[in-house]
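Engineer: here's my sequence, what's the structure:
(2 chains)
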Protein chains: 2
Amino acid sequence: MKQTKISEAVVRRLPIYLQVLNELDSREIQTVSSQELGVKLDLNPAQIRKDLAYFGEFGRKGIGYDVVYLIEIIRQILKVNQTIKVALVGAGNLGHALCNYNKYSKDNMKITAVFDDHPAKIGTNINNLVVQPMSELVATIAEQKIRIGIITVPAFEAQNVVNQFVSAGIEGILNFAPAILRVPDEVRIHNADFTRELLSLAYYLNHEGEDSDETAMD
Amino acid sequence: MKQTKISEAVVRRLPIYLQVLNELDSREIQTVSSQELGVKLDLNPAQIRKDLAYFGEFGRKGIGYDVVYLIEIIRQILKVNQTIKVALVGAGNLGHALCNYNKYSKDNMKITAVFDDHPAKIGTNINNLVVQPMSELVATIAEQKIRIGIITVPAFEAQNVVNQFVSAGIEGILNFAPAILRVPDEVRIHNADFTRELLSLAYYLNHEGEDSDETAMD
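Structural biologist: Modelled structure (predicted):
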């Protein structure tokens, strides 16, 4: 599919559209209007129409969007209409949680290899994946044609893992470590550091501060 | 501190500034220029100066920002110069990972209560916190003056937890469940659903698709 360059903000909204559309589809709802999507997502319907118009004119006035068709289009744009293999480094609690979640996920991004360098973890099983030592990372990534890497190691180990992912030819990295990491221009890194989310949430707390005042914010 | 309204994009960058500044401080670096911050964060120095100018003029031309002072200012703006108590619902792998991380965190947001309704989990320990049943949620939140809630339960249970948080007077929610949740206007919700990050990352993969082509993206 030919595409014009899409802004990062739109790319970040597409998975949210996909989530809502999948939910509608599971309830066998066949069409949805931009108004209905707007209410569900707390977004302006005009913004939604504008976002989706990047990909062609497939909403019909007075009828709305065909749910199944829109799912297919967004999956194509996000390239998750094909299987995308993912490697995870860091077999701790967070690594377990992600593998476990991924097992039940309906999308085509699958964690297919898990690595950790702690002797107690190597050889253990996480959802039918055997935890491999880091020395096998490059070969396994090449063999399985893995394209995305997830980092769930402590902050001080994270840059080292990034460097190994980069040498292995990984194209995109999802980093959970609370660290600022450097990657070459051709590799994309997204940060999913929950402490950042928590800190930005704190900003929106009531200004009163000391006690949990129950009046609403203005 | 008096503040003008700050855009959400700026609020979301503040925790990242804080992370870099803490790292500089730990290496005993006393001043930093917007150029240096720009390189570290892959942001335009002009953007950084503009962001920080919201909070007053404290950068000095040719010298830069005082690291310790800037940390203090950002902590004030984010309100993390005071202790903020956090409740977590969902004592699974992800809940464990977050509690564990939080234990070592230097900031003042502390998970002080953990809830789960699965009989096998109630009464168990996570980092010195006893997992409590959901029936104790409202009373504990009031007693401890907890202001923020974290959700790490499966998607189908998440809205129910949101509703209980809202009745308990929680002001901000960090949601890890892959679900679109409804909150009243006076409650703020941030989503940390990793599947969204993974999906938006897929968009940036090489267009070739089928095999892990090693040429760089344009």
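Engineer: which stretches of chain A have low pLDDT?
Structural biologist: Across chain A, the stretches falling below the confidence threshold (pLDDT under 70) are A:1-4, A:56-60, A:104-106, A:206-218.
Engineer: domain parsing for it?
Structural biologist: Domains of chain A are assigned by automatic domain parsing as A:8-77, A:84-197.
Engineer: deepest of the ones you listed, which one?
Structural biologist: Mean neighbours per residue, mean count of other C-beta atoms under 10 Å in any protein chain shown, is largest over those for domain A:84-197, with a mean of 19. For every residue, glycine as well, the C-beta is placed using N, CA and C.
Engineer: how long is that one from one end to the other?
Structural biologist: This stretch, domain A:84-197, spans 27 Å end to end (C-alpha to C-alpha, to the nearest Å).
Engineer: stretch A:111-125 too?
Structural biologist: End-to-end distance of stretch A:111-125 (C-alpha to C-alpha): 13 Å.
Engineer: for residue A:31, grab phi and psi.
Structural biologist: As for residue A:31, its main-chain torsions (degrees, to the nearest 10) stand at phi -130, psi 150.
Engineer: is it bridged to anything, and to what?
Structural biologist: Under DSSP bridges, the beta-bridge partners of residue A:31 are residue A:66.
Engineer: show me what contacts it?
Structural biologist: A:63-67 (C-beta atoms under 8 Å, 6 or more residues apart in numbering or on different chains).
Engineer: where do the strands sit along chain A?
Structural biologist: Secondary structure of chain A (DSSP state E): strands located at A:31-32, A:65-66, A:84-89, A:109-115, A:125-126, A:129-132, A:148-151, A:172-175, A:188-191.
Engineer: what pairs with the fifth one, and is each one parallel or antiparallel?
Structural biologist: Meaning strand A:125-126. Using DSSP bridges, strand A:125-126 pairs in its sheet with strand A:129-132 (antiparallel).
Engineer: what lies in contact with the partner strand?
Structural biologist: By C-beta under 8 Å, 6+ apart, the residues outside strand A:129-132 that reach it are A:91, A:99, A:111-116, A:121-125, A:140.
Engineer: turn the strands of chain A into TSV, columns for distance to residue B:158.
Structural biologist: Listed next are the strands of chain A as TSV, based on distance: least, C-beta to C-beta, whole Å:
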stretch	distance to residue B:158
strand A:31-32	21
strand A:65-66	25
strand A:84-89	24
strand A:109-115	21
strand A:125-126	24
strand A:129-132	27
strand A:148-151	22
strand A:172-175	21
strand A:188-191	22
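Engineer: residue B:160: which of these is closest?
Structural biologist: strand A:31-32 (24.5 Å; C-beta to C-beta).
Engineer: and the closest one, how far out from the chain's middle?
Structural biologist: 25 Å (C-alpha atoms, centre = their mean, to the nearest Å).
Engineer: which helices and strands sit right next to the longest helix seen in chain A?
Structural biologist: Using DSSP state H, we find that the single longest helix of chain A is helix A:8-26. Counting contacts by 3 or more C-beta pairs under 8 Å, 6 or more residues apart in numbering or on different chains; DSSP states H and E, helix A:8-26 is packed against helix A:34-41, helix A:45-53, helix A:67-77, helix B:194-203.
Engineer: nearest to residue B:25, out of these?
Structural biologist: Closest among these, using C-beta to C-beta: helix B:194-203, at 28.2 Å.
Engineer: off-centre distance for that closest one?
Structural biologist: Distance of helix B:194-203 from its chain centroid, counting by C-alpha atoms, centre = their mean, is 18 Å.
Engineer: for that helix, name the packing helices and strands.
Structural biologist: Taking 3+ C-beta pairs under 8 Å, 6+ apart as the contact cut, helix B:194-203 packs with helix A:8-26, helix A:93-104, strand A:109-115, strand A:148-151, strand A:172-175, strand A:188-191.
Engineer: one more time with 7 Å, if that's ok
Structural biologist: Contacts defined by 3 or more C-beta pairs under 7 Å, 6 or more residues apart in numbering or on different chains; DSSP states H and E place helix B:194-203 against helix A:8-26, strand A:172-175, strand A:188-191.
Engineer: mind putting these in a markdown table, distance to residue A:84 included?
Structural biologist: Output for these, formatted as a markdown table (distance: least, C-beta to C-beta, whole Å):
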| stretch | distance to residue A:84 |
| --- | --- |
| helix A:8-26 | 13 |
| strand A:172-175 | 9 |
| strand A:188-191 | 13 |
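Engineer: those: which one's closest to residue A:107?
Structural biologist: Residue A:107 lies closest to helix A:8-26 among the helices and strands packed on helix B:194-203, at 8.2 Å (C-beta to C-beta).
Engineer: ok, and what's touching that closest one?
Structural biologist: The contact list for helix A:8-26 (C-beta atoms under 7 Å, 6 or more residues apart in numbering or on different chains) reads A:32, A:37, A:40-41, A:51, A:54, A:67-68, A:70-71, A:74, A:77-78, B:178, B:180, B:195-196, B:199-200, B:203.
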